Structures are given as C-alpha cells and as structure tokens.
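Trainee: coords please:
(one chain, ligands or ions: 1)
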Amino acid sequence: MKSHAQVAVIGGGVVGCSVLYHLTKAGWRDVVLIERDELTSGSTWHAAGGMHTINLDPNVAKLQQYTINLYKEIEELSGQSCGVHITGGIMLAGTKERLDWLKLVRGRGRYLGMQTEFVSVDEAARLFPIMDKRYFVGALYDPIEGHGDPSGVTHAYAKAARVQGAEIYRFTRVTDLKPRPEGGWEVITDQGSLVAEHVVNAGGLWAREVGRMVGLELPILAMEHQYLITEEIPEVAASEKEMLHAIDFEGEIYMRQEGKGMLMGTYERAGVPWSERTTPWNFSHELLPPDLDRIAPSLEVGFKHYPAIERAGIKKVINGPFTFAPDGNPLVGPVRGLRNFWVACGVMAGFSQGGGVGLTLSSWMVHGDPGSDVWAMDVARFGDWATVAYTNAKVRENYSRRFRIRFPNEELPAARPLRTTPAYDALAGERAVFGVSYGLEHALWFAPEGTEPVEEVTFRRSNAHEPVAAECAVVRNGVGLMEIATYARYEVTGPGAEAWISHLLANRTPEQGRLVLSPMLNPAGKLIGDFTVAKLGAERFYIFGSGIAEDYHMRWFEAHLPETGVAIRPLRAELLGFSIAGPRSRALLQCLVREDVSNKAFPFLSFREMDVGMIPAKVGRITFTGDLGYEIWVGVDYHRALYALLREAGADLGIRLFGARALNSLRLEKGFGSWAREYRPIYGPYEAGLGRFVDLKKNDFIGRDAAAREKQDGPQRRLVTFVVDAADADAIGDEPVWRDGKVVGWITSGGYAHYVGRSVALGYVPAALAGERDDFEVEILGDRRRAQLAPQPLLDPQGLRMRS
Ligand SMILES: Cc1cc2nc3c(=O)[nH]c(=O)nc-3n(C[C@H](O)[C@H](O)[C@H](O)COP(=O)(O)OP(=O)(O)OC[C@H]3O[C@@H](n4cnc5c(N)ncnc54)[C@H](O)[C@@H]3O)c2cc1C
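Mentor: Residues are numbered from 1 along each chain as shown. Okay, here's the model as predicted:
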C-alpha cells in the first residue's frame, strides 16, 4: 500500500468505483480505493441492474441520463463489458391521477431533451405483450431505459480508473480515520495506514460506520428489498425482441426480462429496515431470507395484471439490503466542519445515478464546484435534526411510497411534528394547515372557522384556494400576521466582521441601522445565496437567508472564515419572529413601540432594536409580500408573548394570520424570486434580475470578476414573469416553456396571484426572447396553455407600497 495519496476512496461498490474513475478522468491520478472485501461486496452485487432516466428533480434526472450514456465510454476504456441492454421502458398508469403525474414527469423531462412519449393502452400492450390491458388507462414510453450487469459496470469503472493511474486495495478494511493537524487524514486499515489529503466515504451499507469514524451520524438507513425471477414464460421466450422494462404503479412493481422469464421487484408498503443501528462487518456477498408474505399484496396485483407471470412459477427470490436517505436521493458533497471529507452514499439507484454522482463529486473535489445544480443530492440539505430515529421513520415512508403519487401540494406525515416553535399550538388552534421545511413545522394556510384544517391533495387548485385568497386580501388591504421561522438567521460579530461580509457577499455592507439585500456568488459568479444583511453595531451584523439552506450556507461561511477576528453562528434556536404586512401594519407597530416608526423616521430597509410592548426586539422594515411591512425578531422566550401582543393589538385593525401559500401568491405578483427556485447555482445575478444588488465598484468579493463578465457580455437568459391562461391548475415549477413549437425555457415557480387575479409563473427564457410578449406557452399537466410575458411586476412595479 502507498504511504501517501491525494485521495482515498473508501468502498468498492458501484459508487466508489465511479468516483475513483471520475477523479482520474478529471486529472487526479494519485488516487486509491480501499475495499474491505471483493469489489461489489456490499449492496451492488445483488442489484437488479435496472436503469432509468426519470426523477422528479430534473437535475438528478439529467445526471441519470449522463450515467446511462457513460457505459459505452467505460467499456471502451476498460475492455470490460457492462452488459447493457437498452430495451426501452414503459410506465403504466391505472388511474387518471397517475396519468396526470406522468404528464408532469414528461413535462419536466422536456426541457432536458428527454424523448418520452405517451402511448395508448393498445400500443402499450403491443410493446409489452404480457400485460392485461383492462387494468390500465395510459402509458408513458421512454426509449432510454434498460439494465446492466452490476458486476460488469463496477469492474468497468474500476478497470478504467486503473488504466488512468488509480490503485485499488481489496481485502483491506478501513478501521479508523484521524484528521492530521497539518490537513489531510490518516487512513488506518487492517493492512496498515496511509495519509490521504482527501477522504471519500462511499461505504454504501457501511457508510454510517465510516461516518462515525469522524463523529458524523449520516441520515441513511438500509431497507430490505426483494425481487423474484420467474421460470421460463412462453410469451417471453417466443418474443423476437427483449421485453421492455416496465413499472406498474398500482402494483408498486417493476419488471424486466431475465433469461426467458421475467424479473419482478416491488417496493412494498410494509418495508422492513435492515441493521437499524449498525451494519455487521462480516456481511459480504450475502442475501437475506426471502419473505414472500411481506410482498404478497404487490404480488397479487402483479399476478392479476400479468397472468403469464403467475402461470410461470417462481424460480428464485432475492432479498438484499440497500441504503436510502430520508428523501430517497443520494447524499453527496463535502461535509460541513470536516476538512477534505466527502461523501457519496445513500445512492439507492446506483446503476442510474452512480455515474452522475461520480461526476458531481469529482468536479467538486477537483474544481471546487459540483459543475451543476446538485441541491437535490447535496448532503447539506439535512441538518442536525435528521437524527437516527427521524431517518428511520422517513426512510420507511419513502420506501413504501416509492411508486406512489406525490402530489405537488402533499405534505408527508412521517416524523412529524419534530421541530416546532412556541407558537405552534396557538397556530394549530387557529386551524393552521402545516407544512414542513428543514424539519420545522410552519403554517401553509389557515382553514376558515367551522372547517377542518386538511388540504385535499391534487394536481389542481385545492380547497386552500379560497382561504388563501382571503389571506392575500387581508395583507393587501389591512394587516396580516405571519410567523417567519423558516428564514435562516445568523449573527456575525468581531472586528473583522464587516470586511469578511463584504468579501463574501456581492453587495455593499449596510450603514448602521440599515438593511441591504445581497446575493452570494461562487468564484464562477453563480448564485449560491441571497441574503438580507443588517448592521446593528460596528462589529455586529445579522444575516437572514433561506432556512432550508442553513447547513449549505454554514458550510460555505465556515470554510471561508479567517482564523481570528470574525465569528458566525446560526440563531435557529435563539431568535424567532413574526412579520406584519399590509397598509395598516405601521399603525399596529406604532401603537406598540415608543420610537417614531413613521416613514420619515423609520424608512424602508431600516433595522433597529426597540421594545415592542414589554418585549426587547429587533425590527426590520421589510417584507417579502411587496407591501408595507415589518419583521420583528425576538428571543425564543418572548415568542409566545409577541404573538399574543400582536393578535390583541391588531384586533381593531382586523389583523389575520396568513401562511406560506399566501406569501407565495403575494411574492409571485411582485415578481420576487426565491432561493432554490429562481435563485440557484446555475444562474448568474444578472440573469436572475439581481444585478442591482451586485456592487462591482466595491472591494474584491468572491465571484466579482465572473459577475463583471456576465454584466459586460450580457446574460444568456433572463428570469421573467408569465401570465398564464390556466384552467384549474397553475404552474408549480419545472414546466417547459414553448414558443413556435419548440421548448425555449422552463418555469421555476408558479401559482395563482390572488390579488391581481391571474395565474402567474416565473421562469427563465433566452435573453433574446425576454423582450417578446406574446406567443409563449407553458405546459401544465400535458396542456400547452397560452402565456404572456409581463415586462414588469404585475403589482406595484415602482415599489411604492413597500416604501409608503
Ligand atoms: C435487491 C436489490 C435490487 C436492486 N436493484 C437495483 C436496480 O435495479 N437498479 C439500481 O440502480 N439499483 C438497484 N439496487 C440498488 C443498488 O444496489 C445500490 O444503489 C448500489 O449498490 C449502491 O452502491 P454503493 O457503492 O453505494 O454501495 P455498496 O454496494 O454497499 O458498496 C459499498 C462498499 O464499501 C465497502 N466498505 C464499506 N466500509 C468499508 C471500510 N470501512 N473499508 C473498506 N471498504 C468498505 C463495502 O465492502 C462495499 O463493497 C438494488 C439493490 C438491491 C438490494
């Protein structure tokens, strides 16, 4: 074994081998892979090897497409066959809702260039002759689906990596990892030690154990998974073409040809975790005892829908474990607080995603940037609240729902409530319908008196439509009250605080007592954050941002923190707040504070400490509604008192609660973008309409040169607002934008803008089309709806209401 290496990849499953290959492809040759047994000896060897491009997150779908197209390349380099069969695939819908879901999936695939097509049930039965037509209403055909040989694929990655200089140590177990004071890691194995600058945890079934070596509890859990292989089926044996891959959503089963029979697997509702706390080190190339009773309900449907399978009899049953993250997407990237420690685990579809994961991680390590928008796979999307028990509950839920419809307005019930604020009970008493964001319960909308706080799940407008309209009207005409715990908040202190913020963020820093909006850019000039910064003292700042990105942003902040002079800490558990918004919000605030909060004395973008009633608070004059409004932040121990005070004092002014749904509607009609939708690391600030918040004149902030280039060259695409001629369903995000029969852009978010009474969608189009008005279409649930590009926000384009 070498004594030093630039990278040590731990784990020789399909994912670790892909990471190793991609590192060599990116030019790093001094890389080693350490495998405790033979390659593939975790979950990889017994996989069904199925590959598909469909994923509800378009960015993950793109990486799946990349993976499948990669196999030719590694076969050529390695001389090792991947055993790939591209048979095409068919997704079978048994209900109208499922058909709607497939339309949504197809729409999302369009702007990625995915060529899926709807086929009639008759055509589906011609393509997949063992199905019984009577149980289906439609089907989506995908030409790029198939299966590969799990061992062939893994060995092809490994050999291709070796050809390019990598070394692989088999039968060598990493037993411990120790950070070195001068950087890098001491990698201790049962065959000796080596020093590696970087470590990659691709430990698959043992990724938790490898994480624990560095004090990390990764949110992953293995589930048992079963598939069966049938005896020969005459219809299959007689077919000239290999059977398609098929997914039958109603039966929650997937199928493909295996020999002259079929392979059929299921994600059963009563899924069972495997090794809930620790994975045994002596588990290797082993299977678990089959349990057909557990999958009997799915098999029953399968036998009914595919009688030939029932007639054939079962030859073999495979039961093996593989790992999942709570939302079913991989965990990839650098880990906050651990220098040069990277993860590539929780990959539940290694043969569709392994290539994309390898590409992403290697780009991140070699170039400092993942190269695309990988939020859906970023390990930082889970915070410390994703504990072992949380993970257990969510992984079970996710497994059991793998083939079930997730409606766009559906909030899943497992592991809730977990994080709540002191106002939770009071809001629940007001019939709040809660959603969950970063583990936190927050009010989506409030059911009217006498009705149940339950939202029907649907692709179309729900029973929330009218109550949300009423909430919006209160904000625009009177005063609304909203809890704002879903925003992240940080305190930055120290003599170096101002210079540090100025280096990190693109806008100038605020004057004392003021707020500025400031994007954060990476060195390539792309958006990695959008914040509001407040200055409360020469050495004291508050930064407000997106709550879901707290770990993501803290990872960046901490990685850029100088050794002395600046401290940053998240105030998630210390500072909570409410927003009051609407033309009467000033009257409400004024009756609670001694300070003059008139427009002159406390203008737009002011930020000050003041007592609100008896409560010490920090008050900012800003809201995301686009109206006059304030954010009031207080210590957690004052939260309940603040709520009671605002309710009581606001009663005469007609105060009403509003939730996240109304806020979305209000910000859409103002054309305000939001993090993870309009603002993501694939857009530059000028494309995203944030150019006015980039101060190119100030000192050398991160991303400055790239931003200056974007400004000079002009953005390639632009964020625009569409008014959509919608029927009973609005855009939600990821719909294609059409013009002249071609897909020219995509929607980032949408909904019904109640105050202006229009269906609105925000999205990106090529800059050359941003000056056009007519002839656009937005595809909603398979229908191309006419859309008009609005040259300016639909409400108050001059921002007079906010400044009034
Ligand atoms: C029954 C079944 C069917 C499946 N079907 C499909 C399918 O059709 N399509 C699909 O895409 N996916 C399928 N999968 C999932 C697929 O198997 C996984 O996505 C994939 O194997 C994950 O690979 P990995 O490299 O992350 O993990 P693993 O395969 O578990 O590899 C991890 C490796 O790390 C090694 N390791 C761990 N700790 C250490 C250490 N400390 N020192 C040294 N080495 C270590 C282990 O020995 C192991 O070889 C299926 C899984 C099962 C169980």
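
Trainee: lowest-confidence helix or strand of the protein?
Mentor: helix 96-110 (a mean of 89; mean pLDDT, DSSP states H and E).

Trainee: contacts for that one?
Mentor: For helix 96-110, the external contacting residues (CB atoms under 8 Å, 6 or more residues apart in numbering) are 53-54, 56, 58, 61, 91, 93, 116, 118, 137-138, 140, 249-250, 405, 408, 459, 734-736, 743, 779-782. Where you see a C-beta, it was placed from the backbone N, CA and C, and this is true even at glycine.

Trainee: and if we set it to 7 Å?
Mentor: The contact list for helix 96-110 (CB atoms under 7 Å, 6 or more residues apart in numbering) reads 54, 58, 61, 91, 93, 116, 137-138, 140, 249, 405, 459, 734-736, 743, 779, 781-782.

Trainee: give me the subset of these that lies in helices.
Mentor: 58, 61 (DSSP state H).

Trainee: beyond the least confident helix or strand of the chain, next helix or strand please.
Mentor: The first helix or strand that comes after helix 96-110 along the chain, using DSSP states H and E, is strand 117-119.

Trainee: can you list the strands that the helix or strand encompassing residue 223 pairs with?
Mentor: Using DSSP H and E, residue 223 sits in strand 221-230. Take DSSP bridges as the rule and strand 221-230 pairs in its sheet with strand 261-266 (antiparallel), strand 273-274 (antiparallel), strand 314-324 (antiparallel).

Trainee: circling back to that earlier point, show the buried residues in the contacts of helix 96-110.
Mentor: Listed as buried from those are 54, 58, 61, 91, 93, 116, 138, 140, 249, 405, 459, 734-736, 743, 779, 781; burial here means 16 or more other CB atoms under 10 Å.

Trainee: helices or strands up against the helix or strand encompassing residue 67?
Mentor: Secondary structure from DSSP H and E places residue 67 in helix 58-78. Helix 58-78 sits against helix 150-163, helix 350-367, with contacts defined as 3 or more CB pairs under 7 Å, 6 or more residues apart in numbering; DSSP states H and E.

Trainee: all helices of the stretch 651-800 of the chain, in order?
Mentor: Applying DSSP state H, counting those that start in this stretch to the stretch 651-800 of the chain gives helices spanning 660-670, 704-713, 800-803.

Trainee: for stretch 778-794, give me every contacting residue.
Mentor: 100, 103-104, 107, 459, 669-671, 720-726, 729, 731, 735-738, 747, 753, 756, 758, 760-761, 772-774, 776-777.

Trainee: so which of the residues you listed are also by the ligand?
Mentor: Taking CB under 6 Å from any ligand atom as the test, the ligand is in contact with none of the contacts of stretch 778-794.

Trainee: now the buried members of the residues you listed.
Mentor: Using 16+ other CB under 10 Å, the buried members of the contacts of stretch 778-794 are 100, 103-104, 107, 459, 669-671, 720-724, 726, 729, 731, 735-738, 747, 753, 756, 758, 760-761, 776-777.

Trainee: tell me which element residue 290 falls in.
Mentor: With DSSP H and E as criterion, residue 290 is part of no helix or strand.

Trainee: start to end distance for stretch 413-432?
Mentor: Chord length of stretch 413-432, first to last residue, is 15 Å (CA to CA, to the nearest Å).

Trainee: need the residues of the stretch 351-500 of the chain near the ligand, please.
Mentor: 351-352.

Trainee: in the stretch 351-500 of the chain, what residue comes closest to the ligand?
Mentor: For the stretch 351-500 of the chain and the ligand, the shortest gap (CB to the nearest ligand atom) falls at residue 351, measuring 3.4 Å.

Trainee: return the residues in contact with residue 691.
Mentor: 685, 711.

Trainee: start at 6 instead
Mentor: In the new count, where the first residue is 6, that last one comes out as residue 696.

Trainee: how much space between it and the ligand?
Mentor: To the ligand, residue 696 is 42 Å away according to CB to the nearest ligand atom, to the nearest Å.

Trainee: and the spatially closest residue to residue 531 that is not a sequence neighbour, how far from residue 331?
Mentor: Leaving aside its sequence neighbours, residue 531 sits nearest to residue 686 (CB to CB, 6 or more residues apart in numbering; 4.7 Å). Distance of residue 686 to residue 331, given as CB to CB, to the nearest Å: 22 Å.

Trainee: burial of the residue nearest to residue 499 when sequence neighbours are not counted, as a residue count?
Mentor: Excluding the flanking residues, the one nearest residue 499 by CB to CB, 6+ apart is residue 571, at 4.5 Å. Applying other CB atoms under 10 Å, we find 22 residues neighbouring residue 571.

Trainee: wait, residue 571 sits on residue 504?
Mentor: No. Using CB atoms under 7 Å, residue 571 is not in contact with residue 504, being 8.3 Å away.

Trainee: residues contacting the residue nearest to residue 531?
Mentor: Residue 686 neighbours (CB under 7 Å, 6+ apart): 378, 527, 531-533.

Trainee: cool, and residue 228?
Mentor: Per CB under 7 Å, 6+ apart, neighbours of residue 228: 276-279, 326, 329, 400, 404.
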